[in-house]
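Novice: I would like the atomic coordinates for the input below:
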Amino acid sequence: TSISVKEGDSVSSNTAVLTLIDESKLKITLPFRNTAIEKIQIGERASVYLKDTMEVVYGTVTYVEEKPYSMTNGGLACNVEITLDNPGALEEGIIASTQIETGGDAISSLESGTLVYINKTVMKAETSGTVKEILVRDGQFVNSGTTLVVFENDELILNRESNSIKVNDLEKQLEEARKQ
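Specialist: I've put the predicted structure just below:
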């Protein structure tokens, strides 16, 4: 989780409150020579070279773009997406390059790119209100259905109380009408 508000903050409807992040899988999208794209297949194993630590982790080709685009050097390239399981120490933002072994050839990416988490969900406030309580911390693991933030909206509370009074009045009127 990544929290964007603090207790006491006033938020309006559709304001980003926190981001849920699944850190178990990452992806990287890198350019490859367009002439090599026909050799790269979805499902092939890719070596992902982490620039800062000089380590190698392994991933799988999950998407091969077929339409080439022009690079700044004038060459043509196609993007390839590689997905990898996080062994535990990887974070979003790590710079990496890749090499794909395909049919006896080793095809290297033309540039480095950045690892990103695959599953990130921004949670937004459904209505305006005040952040009454935050029940999680940044980076905390959460389960589905867990209450993360408690909001208070005085206007909704007043509406609920007003509607409750109206329902009670209507029930009394109905009861009186039945007696007649």
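Novice: partner strands of the longest strand along the chain, with direction?
Specialist: In the chain, with assignment by DSSP state E, the single longest strand is strand 16-33. According to DSSP bridges, strand 16-33 forms sheet pairs with strand 2-3 (antiparallel), strand 76-85 (antiparallel), strand 116-124 (antiparallel).
Novice: put the alpha carbons of that strand into PDB.
Specialist: Backbone C-alpha positions of strand 16-33 (Å, rounded to 0.1, in the frame of the first residue of the first chain) are rendered in PDB as follows:
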ATOM      1  CA  ALA A  16      -6.800   9.400  -4.700                       C
ATOM      2  CA  VAL A  17      -6.600   8.000  -1.100                       C
ATOM      3  CA  LEU A  18      -4.100   5.200  -1.500                       C
ATOM      4  CA  THR A  19      -2.600   2.800  -4.000                       C
ATOM      5  CA  LEU A  20      -2.700  -1.000  -3.600                       C
ATOM      6  CA  ILE A  21       0.400  -2.600  -5.100                       C
ATOM      7  CA  ASP A  22       1.000  -6.300  -5.800                       C
ATOM      8  CA  GLU A  23       4.800  -6.500  -5.500                       C
ATOM      9  CA  SER A  24       4.900 -10.200  -6.500                       C
ATOM     10  CA  LYS A  25       5.200  -9.500 -10.300                       C
ATOM     11  CA  LEU A  26       7.000  -6.900 -12.300                       C
ATOM     12  CA  LYS A  27       7.400  -6.100 -16.000                       C
ATOM     13  CA  ILE A  28       9.700  -4.300 -18.300                       C
ATOM     14  CA  THR A  29       9.100  -3.100 -21.800                       C
ATOM     15  CA  LEU A  30      12.200  -2.700 -24.000                       C
ATOM     16  CA  PRO A  31      12.900  -2.000 -27.700                       C
ATOM     17  CA  PHE A  32      14.400  -4.700 -29.900                       C
ATOM     18  CA  ARG A  33      15.600  -4.400 -33.600                       C
END
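Novice: where does the prediction get shaky in the chain?
Specialist: By pLDDT under 70, the low-scoring segments of the chain are 1, 154-174, 180.
Novice: how about the strands in the chain?
Specialist: Applying DSSP E to the chain gives strands spanning 2-3, 10-11, 16-33, 45-50, 55-64, 69-70, 76-85, 95-102, 105-108, 113-114, 116-124, 129-134, 149-152.
Novice: mind listing what's buried in the longest strand of the chain?
Specialist: Across strand 16-33, burial judged by 16 or more other C-beta atoms under 10 Å covers 17-18, 23, 26-28, 30-33. All C-beta spots, glycine's among them, are computed from the backbone N, C-alpha and C.
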